[in-house]
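Chemist: sequence and predicted structure are below.
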Amino acid sequence: MIQQPVLVNLVISSGEPAGVGPEVSLAAALAFLQEQPASTITLLADPSLIPATKIPQELSSHLQVESIALAAPAIAGQLNPKNAQYVLSIMDTAVKGCLEGRFDAMVTAPIQKSVINEGNVSSDDLFTGHTEYLAQLCHQEHVVMMLCATLPEGFLGLHQSRDLRVALATTHLPLREVSEALNQQHILETIQIVDRDLKARLGIAKPVIRVAGLNPPAGESGYLGREEIDVIEPAIRAAKELGIQVSRPCPGDTMFDAKALDSVDAFIAMYHDQGLVPFKFVSFGGGVNVTLGLPIIRTSVDHGTALDLAGKGLADSGSMLEALRLAYQLAINVKNLKT
C-alpha cells in the first residue's frame, strides 16, 4: 500500500525583522513544501518583508503570508526597538493558533533579546528568550530547552547516522546564578519532562538519559563542590524510582562520549554553555531547538539574527529547514498517538 502524505499545518514566526529570519523562513518554507506538498505553512510577517510575489503561484494554496504590521520600516542589519511589540505579536499569534488547534506546530526564526528589552513593551520584566516567553504564554512554570541534530555516518567513527539531543536544566542565566537555580525538584522535573516528551513526541519507548554534573569533574566526591551530592544525585535517585532510565552525574568534559550515542537518547546539561558548546561544535549549523513541556509543539533554528548577513542573500536556511522537518515529524507522531 502506498502511504499518502500527511496534512500538517505549520506556522512560522519570522523573528527579528532586521535579521535573517524573514528570508530564511521563506527559503526553508519553499524547500519544505517541495518535500511535503500536502502540508500547509502560514508565515507571520509584515508583507514588506515577505512579498506575495516571492511565492510561486503553484504553492499559493499551501504557503500564505499572514500580515502583522511593523511599527516602523525594517532596515536589514539595523535594529529598531520600535518593532519590539511586532516581534512579540507574531509569537503571540503563533501560540494562540496552536493552542486553538489552527496549527499543528510552530517554528520560530531568531529574535534579538536586546531589542525587546529596549522597546519597553508590555512588561517591566527582563525578556530572557523565546523559551521562557512561550512558557509564560502557555502558563507552564517549567519547560525544557533541547537541541537536536543528526550526526552523519562516519563522523566521530559512527557506523551509522545518530541523533544527538542535548537538553538544559537551566537556560539563559548568568553563570554565577546557575548553582542557586538548581535544586532537587527542578532537576527531577527536568528529567521527567525530557523522558515524557521523548516518549510522547519522538516515539522513543524507553528513553535512556545521561545527566551532567555541575562541577569539574562532577564535584570530585565533594572536594570541588557538593551540588552533585546534595542536589543532582538525589534527583536522579528519585527519577529512577519512577522507572526512568537515567545515569549518575557525569563529568561535563566526558559526558559527550561518541560511543554513548549508540545508547543514550538525550543528554541533560546543567547550564547553557556546558551543553550547547559541544552540541554546536558538532552539529554543522543544522541543529534544531525544541521546547519540551509545552502543550504545543515548538521548534526553532539554533542560530541568531545574523545582522551582518541580513538582506544580502547569504543567509543559510538549513537550520530553519531542519526545524520545519522536525516540527512536521513531531506533529505526525502526536497525530498517530491520537488515532
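Modeler: Perfect, thanks for sending it.

Chemist: show me what contacts the closest residue to Asn183 other than its chain neighbours?
Modeler: Nearest residue to Asn183 in three dimensions, chain neighbours excluded: Val231, at 6.1 Å (C-beta to C-beta, 6 or more residues apart in numbering). (C-beta placed from N, C-alpha, C; glycine too.) Val231 makes contacts with Leu182, Asn183, Gln184, Ile187, as judged by C-beta atoms under 8 Å, 6 or more residues apart in numbering.

Chemist: of those residues, which belong to helices?
Modeler: Gln184, Ile187 (DSSP state H).

Chemist: neighbour-wise, which of the contacts of Val231 leads?
Modeler: Ile187 (26 neighbours; other C-beta atoms under 10 Å).

Chemist: neighbours of the residue nearest to that one when sequence neighbours are not counted, how many?
Modeler: The shortest distance from Ile187 to any non-neighbouring residue, by C-beta to C-beta, 6+ apart, is to Ala235 (3.8 Å). Residues lying near Ala235 (other C-beta under 10 Å) number 24.

Chemist: contacts for the strand or helix carrying Ala235?
Modeler: Here Ala235 sits within helix 233-241, counting by DSSP states H and E. With contact meaning C-beta under 8 Å, 6+ apart, helix 233-241 is reached by 184-188, 191-192, 195, 211, 246-249.

Chemist: quick one, phi/psi of Arg210?
Modeler: phi -110, psi 130 (degrees, to the nearest 10).

Chemist: alpha carbons of stretch 202-215, as PDB, please.
Modeler: In PDB, the C-alpha atoms belonging to stretch 202-215 read as follows (Å, rounded to 0.1, in the frame of the first residue of the first chain):
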ATOM      1  CA  LEU A 202       9.600  11.400  19.500                       C
ATOM      2  CA  GLY A 203       8.200   7.900  19.800                       C
ATOM      3  CA  ILE A 204      11.100   6.500  21.900                       C
ATOM      4  CA  ALA A 205       9.500   3.800  24.100                       C
ATOM      5  CA  LYS A 206      12.200   3.500  26.800                       C
ATOM      6  CA  PRO A 207      14.500   6.600  26.700                       C
ATOM      7  CA  VAL A 208      18.000   6.500  28.100                       C
ATOM      8  CA  ILE A 209      19.100   9.800  29.600                       C
ATOM      9  CA  ARG A 210      22.600  10.900  30.700                       C
ATOM     10  CA  VAL A 211      22.900  13.700  33.200                       C
ATOM     11  CA  ALA A 212      25.900  16.000  33.700                       C
ATOM     12  CA  GLY A 213      27.300  17.100  37.000                       C
ATOM     13  CA  LEU A 214      27.800  20.800  37.600                       C
ATOM     14  CA  ASN A 215      31.400  21.000  38.900                       C
END
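
Chemist: how about it, which residues are buried there?
Modeler: Residues of stretch 202-215 classed as buried by neighbour count (16 or more other C-beta atoms under 10 Å): Leu202, Ile204, Pro207, Val208, Ile209, Arg210, Val211, Ala212, Gly213, Leu214, Asn215.

Chemist: and stretch 251-265, by the same measure?
Modeler: Residues of stretch 251-265 classed as buried: Gly252, Met255, Phe256, Ala260, Leu261, Val264, Asp265 (neighbour count, 16+ other C-beta under 10 Å).

Chemist: hang on, isn't the second one packed against Phe267?
Modeler: Yes. Counting by C-beta atoms under 8 Å, Met255 touches Phe267, with 6.1 Å between them.

Chemist: re earlier: so can I have TSV of the contacts of Val231 showing pLDDT and distance to Glu100?
Modeler: Shown next, in TSV, are the contacts of Val231 (pLDDT from 0 to 100; distance: C-beta to C-beta, whole Å):
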residue	pLDDT	distance to Glu100
Leu182	96	36
Asn183	96	35
Gln184	97	37
Ile187	97	33
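
Chemist: which pair in the contacts of Val231 spans the largest distance?
Modeler: The largest distance within those, taken as C-beta to C-beta, falls between Leu182 and Gln184 and amounts to 8.6 Å.

Chemist: brilliant, that's me finished.
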